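Participant: no sequence for this one, just the structure:
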């Protein structure tokens, strides 16, 4: 089986499937709708299957979504896409962030998912964690098995490890882009200004769906 164009041996794929099954079990127990995807292409197809045409769609910053190449499908005119990835001024970006809070659907990735089914995300502007928690009618989170961690402490360790990668990807001038490790900088451009923890999906039934990829995806 191929994953992201790289051959994955049967032992590794079996391990990925085991972790994916465990993630889906704990997330389902916590009230989230869960879906299995063998790879990025399958995850994209699953997300598109979950979204009806003509709805408004907001996006959270996500390497996983970029790797899925889902934007080209969302830009076909079948949906009312609030496209945060188009070239625009900073003020327009904020406008898109606010519009996404009232979208019918919100698509994003996750920084970490604990073994207890807690979904943890940290943002620069807070637009993603805000929309995940409240606002959009439906939220679809796509996460590879590399996002699963043991507990909250491990989740925060993971977030600090990937923060420099996200800062560099977004062109932020923070100390971590130079040192490669979190410097607890407390700067406006920091990728770690806001953190959201979704403990369960019980409050609004069927609002949050998680598509679990049986492989590594995103940072």
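Facilitator: Received, thanks. Just so we're clear, the structure is a prediction, and the values are computed from it rather than from any experiment.
Participant: ok now do the spatially most central residue of the chain, which residues does it touch?
Facilitator: For the chain, the residue nearest the mean C-alpha position is residue 109 (0.6 Å; C-alpha atoms, centre = their mean). By C-beta atoms under 8 Å, 6 or more residues apart in numbering, the contact list for residue 109 reads 60, 62, 63, 64, 65, 141, 142, 143, 147, 217, 218. C-beta here means a position set from N, CA and C on the backbone, and glycine is covered the same way.
Participant: For it, which non-adjacent residue is closest in space?
Facilitator: residue 62 (3.5 Å; C-beta to C-beta, 6 or more residues apart in numbering).
Participant: which residues in this protein form helices?
Facilitator: Using DSSP state H, the helices of the chain run over residues 10-29, 40-50, 63-68, 71-74, 90-100, 127-133, 152-169, 175-179.
Participant: quick check, nearest of the contacts of residue 109 to residue 207?
Facilitator: residue 141 (11.1 Å; C-beta to C-beta).
Participant: tell me which residues form a beta bridge with the closest one?
Facilitator: residue 108, residue 210 (DSSP bridges).
Participant: What score does it have for pLDDT?
Facilitator: Looking at residue 141, its pLDDT reads 98.
Participant: what about it, neighbour count?
Facilitator: Using other C-beta atoms under 10 Å, residue 141 has 27 neighbouring residues.
Participant: same check, this time on residue 165
Facilitator: For residue 165, using other C-beta under 10 Å, the count is 16.
Participant: List the residues that contact it.
Facilitator: residue 219.
Participant: what separates it from residue 218, distance-wise?
Facilitator: Computed as C-beta to C-beta, to the nearest Å, the residue 165 to residue 218 distance reads 10 Å.
Participant: now swap in residue 131 and tell me
Facilitator: Residue 131 is 18 Å from residue 218, by C-beta to C-beta.
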